[in-house]
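Trainee: sequence first, then the predicted structure:
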Amino acid sequence: MIPEESARALFFEALEHLEREDYAAAEARLREAHRLVPERVSVLTNLSAALLRQEKIDDAAKYAAQALALDPGNAQGWLNLAGCRSGTGALAEALECCERCVALKPDYAEAWSSQGSILLGLHRYEEALASCDKAIALQPGLADAWTNRGGVLKALQRSDEALASCRQATVVKPRSFEAWFSLAGTYHDLGRYDESLESFEKAIALKPPPFMAGDLVWARMHVCSWEGFEAACERTLAGIDAGKEAATPFSLLAIGSSPAQQRRCAEMNVRKLFRESFTPPLAARQHGRIRLGYFSSDFHDHATAQLMAGLFELHERTRFELFAFSFGRQVMDPMRRRVEAAFEHFVDVSTKSDADVARLAREHELDIAVDLKGLTEQARTRIFAHRAAPLQVSYLGYPGTTGAGCIDYLIADRIVVPPAQRMHYCERIAWLPHSYQVNDSRRPIAPQAPSRAQAGLPEHRFVFCCFNSAFKITPDVFEVWMRLLQKAAGSVLWLLDHNPTATRNLRAEAQRRGIAPGRLVFAPRVAPSAHLARHRLADLFLDTFYCNAHTTAADALWAGLPLLTCPGRAFSSRVGASLLHAVGLPELVASSRQEYESLALALASDAERLGAIRQKLARNILTQPLFDTALFARHIEAAYTAMQERALQGLPPEDFAVPE
C-alpha cells in the first residue's frame, strides 16, 4: 500500500478511536499517519486533539501550531491551540485563539462553549454566559456547554439555575464524566452532600481520573459514610507515595496523612495548576509604610473574617498601609462592613483575571501579599504565580504547605510546624512566639444562652461536645467517643447538625457500637453570638484527630469551654495543641490517644477537677496571649517587618522566629 493510502486508513481508524474516546489508540495511529504524510493538516489537527485530551499539552500545542502554519483558516486548529493555552493558564492567549476560531466558523458550538469556559476563568461572567448560551442555541445536545454554563451561573450566585444546567448536561450526555462531576460539585456547594456523593459515584463509574481516590473519600466524609474507609485511605496514601495524583491537597488534610505526603500532594497539584512558569520575583522597594495586602474570598461572615477582623483594625497605621483584595462572592453583611472599614483600600477583584489582579497589586506597589486561602476551595493561587508583590505569604486559611515556589513564607508557630518537620514545607517559616492563629477579642457572645432542656440536652448528665465539621469526624475518633459514652453513665455527645445524611449515619454508627442513637444530640445552626453562648451548656469539647478544631476550638475556649486535643504529625492536627498552649492549658493536650480517652473519662468523672480547669480557663482568657489581639498584631507585624527588611537588603527569604 502506498503511503497516502496507508495514512488515509490510519486516519479513519483514528477518527473511530476518537469517537470512542480512546485517545491513546487514536494518538498512535495519527503519529504513524503523520510520519507518512508529515504536512497533512487534518492529521496534525486531530493528533493535536488526541494529545490535548490526554493533557499532553506541549505536544498538542506543537502539532496545533504546525497545522495552523500550513492552514491559518483551520478553525479546529485554533480551538485546539486555545485548549493548550488554557491548559497552561495562559487564558488571555486562549481567548484570542477562540475568537479566531469563531470568526472563521461562527456556527461552531464547541468553540463557543470553550470560549465560555475561558471567559469564566477570566472572571468575565456575563460574557461567559452569553458564549455558553450561544453554544447551546447552536447545539442543544452539547453537554460541555451545559456544564460550562452551570459553572458560570454558580459564579454569578444563581444556584438554582446552575443546578438545572448541570443536571441538563447529564441528561444530554448520561455517560459524561465531566457532567456528573460538575453536578456533584454543584450539589456539594449547596450543602446537598448525599446527592453530591451519588453524582460523584456516577462520575467515578464512568472514568476514574487521578484525583478520584482521595476525593471519593472526601465526598463520603461529608455525610459520615465510612464503609471501607480505612482501605480507601490506604489506597489514597499509597497513590500519593507512588507519585500519583490520588487526592486534592485539602482533602488529604482530613485523613491520616503525614507532612511529607501532604507536601508531595501539594507539589503535584501545583505542577498541574501552573503548567506555565512563575513570574520571577520582584525587587523590594522602600516606602514610607509597608504596603500590606490581604487576599481572600472570605471578607464577610466567615470563619476567616471572624478570626481576623480585630487584627485588621489593630494594625499599626503609622507603619503599615492596608489593602484588601476581595474575590469570590461579595456578601454585604455586618462583618463585611466591619472589615471594609478596617482597610484603607478595599478592592473588589471578583471579576478580574488572576493576571489582572496581580498586575493591579503591582501597580499599588504592594510590599507583601498575604494569601488567606492557600489550596482551599475558591482559592486563586494563580494570582501569586503572576507575582502580586515582592514578598508573598501564606497565612491562616490553609494549614499546610502550598507546595508553590511562588509563596515565600508560611506563618506558623513551633507547635504546628516543629523545627524538626520544617523540611516538609516548601516555604520559609516565620514562627510566631505563641499560637499562629489570630483571634478577635471583640467577638460578641449573646447574653442569654438557652437552657439545657431547650437545647435537647439532659439537665444533670455529662455533655461531651464537638462542633467540628462532619468531614473531620473519622471512625477512629468516633470509636473513642462511643467508648466514653459507654463508660460515662448517661452522658451525651453534642454535635452540629451539618446535614440530614450525616446525622442519620452518625446515629446508625452509634447504634452499631451499642450506643442508643438518642445519646447523640444535634444542634441546629444559629447566629454566631448565640452559638458561642450555647457552648456554656457543654462540659468538655472533644477535638478530632487529623483535622483539628481551628475556629471552632477558638469558639469553645472564648466561651469558656475546655477543649481536649491529641496532636498528630501534621499542621492541621496540631492546631488544638497550639491554641491550648497559648491559653495556658497544656494539661489538656494528650500525648497519645490512650491518654486522650483516659483524660476525657477522668474529667467526666471528677467534677471538681474539671471545675478547676474551667476556672483557670476563665482567668486565662483575659491574661494569656491567645485572645490578646493587640499583642498578636505586634508579633505578626514584627514578622512582616523582618521579611521586608531582609528583602530590602537584597537577601532571599529565610526561616526566622519572632521573639516573645
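Mentor: Cool, got the structure.

Trainee: how far away is the residue nearest in space to the middle of the chain from Ile415?
Mentor: Centroid check for the chain by CA atoms, centre = their mean gives Thr376 as the closest residue, at 1.4 Å. Using CB to CB, to the nearest Å, Thr376 is found at 22 Å from Ile415. The way it works is simple: take the backbone N, C-alpha and C, and place the C-beta from them, glycine included.

Trainee: how many neighbours does Arg337 have?
Mentor: 11 (other CB atoms under 10 Å).

Trainee: next, it: secondary structure please.
Mentor: Here Arg337 takes the helix state, with states given by DSSP: H, G, I helix; E, B strand; the rest coil.

Trainee: surely Arg295 is in a strand?
Mentor: Not quite, residue 295 is Phe, not Arg. Yes. Using three-state DSSP, the assignment for Phe295 is a strand.

Trainee: show me what the closest residue in space to it that isn't next to it in sequence is bridged to.
Mentor: Using CB to CB, 6 or more residues apart in numbering and skipping residues adjacent in sequence, the residue nearest Phe295 is Phe325, 4.6 Å away. Taking DSSP bridges as the rule, Phe325 bridges to Phe295, Val347.

Trainee: wait, Phe325 sits on Lys352?
Mentor: No. With contacts counted by CB atoms under 8 Å, Phe325 stays clear of Lys352, the gap being 9.2 Å.

Trainee: please enumerate the strands of the stretch 501-650 of the chain.
Mentor: 520-523, 540-542, 563-564 (DSSP state E, counting those that start in this stretch).

Trainee: mind putting these into CSV with distance to Trp481, mean neighbour count and mean pLDDT?
Mentor: Shown next, in CSV, are the strands of the stretch 501-650 of the chain (distance: least, CB to CB, whole Å; neighbours: other CB atoms under 10 Å; pLDDT from 0 to 100):
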stretch, distance to Trp481, mean neighbour count, mean pLDDT
strand 520-523, 9, 18, 98
strand 540-542, 6, 25, 98
strand 563-564, 11, 26, 98
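
Trainee: mind putting the ones you listed into CSV with distance to Ile118?
Mentor: Converted to CSV, those look like this (distance: least, CB to CB, whole Å):
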stretch, distance to Ile118
strand 520-523, 44
strand 540-542, 47
strand 563-564, 47
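
Trainee: for Ile613, find the nearest of the ones you listed.
Mentor: Ile613 sits nearest to strand 540-542 of all these, at 9.0 Å, using CB to CB.

Trainee: partners of the closest one, with directions?
Mentor: strand 463-466 (parallel), strand 563-564 (parallel).

Trainee: tell me the residues that contact both of Phe325 and Lys352, please.
Mentor: Leu360 (CB atoms under 8 Å, 6 or more residues apart in numbering).

Trainee: who has more neighbours, those two?
Mentor: Neighbours were counted for Phe325 and for Lys352 using other CB under 10 Å; Phe325 has more, 31 against 20.

Trainee: how much space separates that one from Asp371?
Mentor: Phe325 is 10 Å from Asp371, by CB to CB.

Trainee: got it, and Gln115?
Mentor: Applying CB to CB to Gln115 and Asp371 gives a distance of 29 Å.

Trainee: and if you look at Met268?
Mentor: 19 Å.

Trainee: what of Ala549?
Mentor: 23 Å.

Trainee: who has more neighbours, those two?
Mentor: With neighbours defined as other CB under 10 Å, Ala549 and Asp371 compare such that Asp371 has more, 28 against 24.

Trainee: thought the more buried one was touching Ile407?
Mentor: Yes. Contact criterion CB under 8 Å: Asp371 and Ile407 qualify, at 6.9 Å.

Trainee: now do the shared contacts for those two.
Mentor: Common neighbours of Asp371 and Ile407 (CB under 8 Å, 6+ apart) are Phe384, Gln392, Val393, Ser394.

Trainee: could you look up the SS state of the first one?
Mentor: Read that as Phe384. Classified using three-state DSSP, Phe384 is helix.

Trainee: OK, contacts around it?
Mentor: Phe384 touches Ala358, Ala369, Asp371, Gln392, Ala404, Cys406, Ile407, counting by CB under 8 Å, 6+ apart.

Trainee: quick one, domains of the protein?
Mentor: Following the assignment in automatic domain parsing, the chain carries domains at 290-432, 463-627.

Trainee: gap between the longest one and the chain center?
Mentor: Remark: domain 463-627 is offset 24 Å from the chain centroid, using CA atoms, centre = their mean, to the nearest Å.

Trainee: closest one to Phe11 among the strands paired with strand 540-542?
Mentor: strand 463-466 (61.5 Å).

Trainee: re earlier: pLDDT at the residue nearest to Phe295, what is it?
Mentor: Listed pLDDT for Phe325 reads 98.

Trainee: equivalent analysis for Pro281, please.
Mentor: Per-residue pLDDT puts Pro281 at 85.

Trainee: what's the neighbour count on the closest residue in space to it that isn't next to it in sequence?
Mentor: Spatially, and ignoring its direct neighbours in sequence, Pro281 is nearest to Pro390 (6.4 Å; CB to CB, 6+ apart). Neighbours of Pro390 under the rule other CB under 10 Å: 21.

Trainee: one more: Gly518?
Mentor: For Gly518, using other CB under 10 Å, the count is 11.

Trainee: and the gap between it and Arg512?
Mentor: Look at Gly518 and Arg512: by CB to CB, they are 15 Å apart.

Trainee: got CSV for the shared contacts of Asp371 and Ile407, with secondary structure and pLDDT too?
Mentor: Shown next, in CSV, are the shared contacts of Asp371 and Ile407 (DSSP: H, G, I helix; E, B strand; the rest coil; pLDDT from 0 to 100):
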residue, secondary structure, pLDDT
Phe384, helix, 96
Gln392, strand, 98
Val393, strand, 98
Ser394, strand, 98
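
Trainee: and of the residues you listed, the nearest to Thr623?
Mentor: For these, the nearest to Thr623 is Val393 (29.6 Å; CB to CB).

Trainee: list the contacts for that closest one?
Mentor: Applying CB under 8 Å, 6+ apart, the residues near Val393 are Ile368, Ala369, Val370, Asp371, Ile407, Asp408, Tyr409, Leu410, Ile411, Ala430, Tyr640, Met643.

Trainee: now, which of the shared contacts of Asp371 and Ile407 sits nearest Ala49?
Mentor: For these, the nearest to Ala49 is Phe384 (32.2 Å; CB to CB).

Trainee: where along the stretch 501-650 of the chain do the helices fall?
Mentor: 528-534, 551-558, 575-582, 593-605, 607-623, 629-648 (DSSP state H, counting those that start in this stretch).
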